[in-house]
Each structure stands twice: as C-alpha cells, then as structure tokens.
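Engineer: quick one: sequence and predicted model below, then my questions.
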Amino acid sequence: MNWREKYRPNRIEELAGCERLKKASRQWIEKGECPSNLLFIGPPGTGKSSAALSLAKEMLGEFFDSANYIVTNASDDRGIDYVRELKFTVRQKGLGVKRRFFLLDEADNLTPAAQKALRQIMEDSHKTAVFILTANDIGPIHSAIRDRCMTFEFNPISDNDAEKTLLKIHQMESLPEQWKEQYRGLNRLTNGSLRKSIDILQGVEKEPDALLAWLKKDTQNINQAALNFVQNEFSKVAAFLKSDLNNGKSKVGTLKNLRGRVRSLLESEEEWYAFMLTYGEFILLAHNWPDDDDAYVDYFVAKLIKNRR
C-alpha cells in the first residue's frame, strides 16, 4: 500500500504545519459549520489536499463518503465545459447532509472563462455546497474567486514538523534506527514536501546506510552544476540541472539547492547578486512555466549567462 495514503491524516489536528487552519477549523468543527468557500495556496506536497480531506471527514462525520465528498482535478479539464458539468453535480442533494464538500484540486489551471462560471456557481450554491480550491500559486486565481474564499497559505513543512511525522512512520514500519538522524536533512532536500519525503522512505532499501547513501547520491547533480557554473561551463550546468529534474525534483527545489551550493563558491558579492537576479525571476516562473522542464532550464541558463556579463 502507498505510504502516502496509509499515513494520510484523518483529522485536522494530525496535519503537519498549517497552524492557522487548525485553529480556525477547531471552531468550525465544534459549531458544525464552516465557510462555504475555502482556498488553500501553497507548493506541492505541503498538505493542501490532505487538509481538505481531513476537514471534510470531521465535518461530515458518519456521512463521509464519495457521494458527499467529490474530488475533481482542474488540471484534467480546465475549460468552461468542466465547470458546466460541475454546475449540475452541485445541484444534486447530499446523503444525510445539508452541504456536500467539493474539492477542486489545482484550481489555478482553470481558464478565465471557467473561473467566471465557477464564481456564479459558488454564489448560487452556498447553502448546499462547500467548495475547497487548492492551487500552487494564487496569481492565476481571479480576484472575484479570491474575494469569495477564506484563504489559507500552506508553506513548506518545517524540519521539526517533518521529523515528528517521519518518526511516527519510522516506528510503525520498524525502519532502521540509523535513519532517525537523517529525517531533518531529508526534509531540507525535498524542500519541505512531506509527500516526497514519505515516498523516498518507502522506496529506499531498508538497510542501515541506505537512506544516507541516497541523500548523498541525490545531491551530485546540483554539486556538479554549481561547480560548472563558477567555471563558466554553462552547457554542463544545463545538463546537470536537467538530470535533476528528470529524476523527479521540482523546479523550485532544484533552484533552491543550486542557490545553496553557489553561495559558498562565488568570490564576490557582485557575482552573487548577479546570480540572484536570475534566481529570483525563475523561482517566480516555476509554478506557471507553460513549456517543458528542458526549455525552463535552457532559458534559466541563458539568463545566467546574460546577467553574469
């Protein structure tokens, strides 16, 4: 069984991080009433979908099932037809509850026309539906949608919170004792994505030195990219960054790791700030890049060359 699903929280209090949502939801659960429209914003793997599921389970209680908790992924169909179909689904009555929960995952992929139609649905169905929208970036979400939602930000999981969760899994799965010392480093390597950390724990061989060996091996591409950068070997920089992304790393995670390596290698502050000029631009582009990872890296390296001259 997938460990992500096996250890997915069933209660809000079991979530790692997101303290503001936890505090607010305690009152909602106690009163049996929560806002009609919620917007969860944050990077992948920070608990947005898990929070939506946990909230629905606690609010619906014994009536929690697939008829009352409907999950859709806006990245599968981003257009107006998708929202029109949703309109008919929302009209259907729940089983034993006044309001059903609708999770619209990756809502930042919805087209402007689809968002306009969704806004009207949200207004018309507030007595019968609770909408939870998740997005990596709030930028593409129309202001009219934002105004109708109570928004909660999900940040990368802290080392402390990640360690607590991973130690629980460690105990349940009887993982090697030596691994305990690596959990904070694992969280930093995944840039606070608990989802990725759990996947790595499940996938690595259950030998005493296996996790540490994996962590060391996993940094080789970034180490080489940083060294090639200071040596002005930009084609090699591109090759190592592409290799990192092809291994399943996120664009944000790869760039953040590169920044950490480059900082100690550059001799002058001017070189560092020239690097940061490009870094900042591409961190902002990461979640909304319309092309593939190779094109992203090539553009990034091209800007590195231009800004370093």
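Structural biologist: Perfect, I can see it now. Numbering: from 1, shown residues only.
Engineer: can we go C-alpha only for contacts and neighbour counts from here?
Structural biologist: Noted.
Engineer: beyond the helix or strand harbouring Ser54, next helix or strand please.
Structural biologist: Assigned by DSSP states H and E, Ser54 belongs to helix 48-60. Heading C-terminal from helix 48-60, the first helix or strand you meet, by DSSP H and E, is strand 69-73.
Engineer: and that following strand, how far out from the chain middle?
Structural biologist: 17 Å (CA atoms, centre = their mean, to the nearest Å).
Engineer: for stretch 31-49, same thing?
Structural biologist: Distance, centroid of stretch 31-49 to centroid of chain: 13 Å (CA atoms, centre = their mean).
Engineer: what sits up against it?
Structural biologist: Here stretch 31-49 makes contact (CA atoms under 8 Å, 6 or more residues apart in numbering) with 15-16, 25, 28, 59, 105, 122, 126-127, 129-138, 146, 148-157, 192-196.
Engineer: flag every buried residue along the helix or strand hosting Tyr299.
Structural biologist: Counting by DSSP H and E, the element that carries Tyr299 is helix 293-308. Neighbour-count burial for helix 293-308, with 16 or more other CA atoms under 10 Å as criterion, is recorded at 293-294, 296-298, 300-301, 303-305.
Engineer: who does the helix or strand where Glu5 lies touch, helix- and strand-wise?
Structural biologist: If you go by DSSP H and E, Glu5 is part of helix 3-6. On a contact count with 3 or more CA pairs under 8 Å, 6 or more residues apart in numbering; DSSP states H and E, helix 3-6 meets helix 194-203.
Engineer: list the buried residues for the helix it packs on?
Structural biologist: 194-198, 200-202.
Engineer: can you check stretch 217-226 too?
Structural biologist: 221-226.
Engineer: mind checking how far stretch 285-304 is from the chain centre?
Structural biologist: 19 Å.
Engineer: any low-confidence regions in the stretch 1-150 of the chain?
Structural biologist: 74-78 (pLDDT under 70).
Engineer: ranges for the strands of it?
Structural biologist: Along the stretch 1-150 of the chain, the segments classed as strands by DSSP state E, counting those that start in this stretch run 37-41, 69-73, 100-105, 129-135, 150-153.
Engineer: buried deepest among those strands, which one?
Structural biologist: strand 129-135 (a mean of 26; mean count of other CA atoms under 10 Å).
Engineer: which helices and strands sit right next to it?
Structural biologist: Looks like strand 129-135 contacts strand 37-41, helix 48-60, strand 100-105 (3+ CA pairs under 8 Å, 6+ apart).
Engineer: output the ones you listed as TSV; include the columns distance to Leu255.
Structural biologist: Shown next, in TSV, are the helices and strands packed on strand 129-135 (distance: least, CA to CA, whole Å):
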stretch	distance to Leu255
strand 37-41	21
helix 48-60	23
strand 100-105	25
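Engineer: residue ranges in the stretch 201-309 of the chain under the pLDDT threshold?
Structural biologist: Looking at the stretch 201-309 of the chain by pLDDT under 70, you get 309.
Engineer: so who does the nearest residue to Arg8 once chain neighbours are set aside touch?
Structural biologist: Closest residue to Arg8 apart from its sequence neighbours, by CA to CA, 6 or more residues apart in numbering: Ser50 at 6.6 Å. Neighbouring residues of Ser50 by CA under 8 Å, 6+ apart: 8-9, 15.
Engineer: show me what the helix holding Tyr299 is packed against.
Structural biologist: Using 3+ CA pairs under 8 Å, 6+ apart, helix 293-308 is in contact with helix 234-246, helix 269-285.
Engineer: right, and the helix or strand after the shortest one?
Structural biologist: Beyond helix 234-246 on the C-terminal side, the first helix or strand identified by DSSP H and E is helix 251-263.
Engineer: tell me which residues of that following helix come out buried.
Structural biologist: For helix 251-263, by 16+ other CA under 10 Å, it's 251-259, 261-263.
Engineer: distance to Tyr82 added to these, as TSV?
Structural biologist: Listed next are those as TSV, based on distance: CA to CA, whole Å:
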residue	distance to Tyr82
Lys251	29
Val252	30
Gly253	32
Thr254	33
Leu255	34
Lys256	36
Asn257	38
Leu258	39
Arg259	40
Arg261	44
Val262	45
Arg263	46
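Engineer: isn't Arg95 right up against Ser66?
Structural biologist: That one is not Arg; residue 95 is Leu. No: counting by CA atoms under 8 Å, Leu95 stays clear of Ser66, with 10.1 Å between them.
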